[in-house]
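A.B. asks: following is a predicted model, sequence given first.
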Amino acid sequence: MSRRLAVGLIVLLSAPAAFAGPREDCENLRGDAALRACDVAIKQNARDAKSYINRGVEYQVKGDMDRAIADYSKAIEINPKEAQAYTNRGIAYAAKGNTDRAIADYTKAIEIDPKYARAYSKRGDAYSDKKDYARAIGEYTKAIEINPKDAQAYNSRAGSPPAPRATRTAPSPTTPRRSRSIRSMRGPTKAEAMRTTTRKITTAPSPTSPRPSKSTREMQAPTTSAPMLTRNQELRAMRLPTTRGF
């Protein structure tokens with residue numbers, strides 16, 4: 001082999017991109033250059049599903065969701081088993097605010113390829129947009145099980161709010177719930193107060209005992225109405241609000 005031929009082979013092997021065709025450029029280039037290459041590749045082979053997908057990606061990057069969806073749909077028409085086309089189209093639908101159609105596409109992609117972690121992760125995003133956080137967390141968890149190195153799935157799962165707890169019914173305003181300590185602090189019942197008063201009335205003082213002074217009578221057991229009034233005042237002062245945040 002001549003030296004010139006050997007050098008030519010080395011250049012050919014070290015720079016394959018220089019000799020790549022439109023289909024390879026459609027896949028590897030970015031921006032307008034990629035779009036031009038994809039157009040040529042599709043003209044050369046109108047049944048090339050991959051070139052439609054790659055051109056759809058470029059339209060999507062530019063924000064042209066309608067053209068992106070059209071290209072993904074064409075790829076699906078050519079190859080109905082193309083899970084990536086369904087997932088990318090779902091992302092485009094989600095960007096247009098059509099969450100239900102996005103979920104349908106992600107679900108179809110998962111039916112085609114149950115190990116497609118990205119489809120689970122994007123379906124989790126869609127459920128999160130619908131505020132169905134329990135399902136969203138389940139989707140992110142499945143994506144992580146398939147691909148433990150999916151950092152985006154971990155971040156999305158960590159950012160999902162927890163499922164709301166059941167709402168507790170607040171106590172009725174007319175019947176406040178009292179704590180045990182309040183019940184133990186209550187005064188004598190009406191019957192107890194009546195018995196105390198009766199004993200004091202029926203028991204006459206000894207003839208030799210001096211008549212109690214006014215200050216002594218005020219220190220005796222309270223009447224029936226006194227403890228009830230104090231108890232109501234205490235309950236009003238210690239009553240919990242009728243609505244609470246849980």
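C.D. replies: Noted; the coordinates are in hand.
A.B. asks: any weak-confidence spans in this structure?
C.D. replies: 1-20, 163-246 (pLDDT under 70).
A.B. asks: all strands for it, in order.
C.D. replies: Counting by DSSP state E, the chain has no strands at all.
A.B. asks: need the contact partners of stretch 99-115.
C.D. replies: By CB atoms under 8 Å, 6 or more residues apart in numbering, the residues outside stretch 99-115 that reach it are 81-84, 86-87, 89-91, 93-94, 116, 119-120, 122-123, 126-127, 129-130, 146. All C-beta atoms are positioned from the backbone trio N, CA, C, and that covers glycine.
A.B. asks: buried among those residues? Make that a PyMOL selection.
C.D. replies: Command for PyMOL that selects the buried part of the contacts of stretch 99-115, burial taken from 16 or more other CB atoms under 10 Å:
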select buried, resi 82+83+84+86+87+89+90+91+93+94+116+119+120+122+123+126+127+146
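A.B. asks: tell me how many other residues surround residue 21.
C.D. replies: Using other CB atoms under 10 Å, residue 21 has 11 neighbouring residues.
A.B. asks: residue contacts, it?
C.D. replies: residue 41.
A.B. asks: surely residue 59 touches residue 72?
C.D. replies: No: in this structure residue 59 lies outside contact range of residue 72 using CB atoms under 8 Å: 9.4 Å.
A.B. asks: looking at these two now, which is surrounded by more residues?
C.D. replies: Remark: of residue 59 and residue 72, residue 72 carries more neighbours, 30 against 20, as counted by other CB under 10 Å.
A.B. asks: any idea how far residue 132 is from the more buried one?
C.D. replies: Noted for residue 72: a distance of 25 Å to residue 132, by CB to CB, to the nearest Å.
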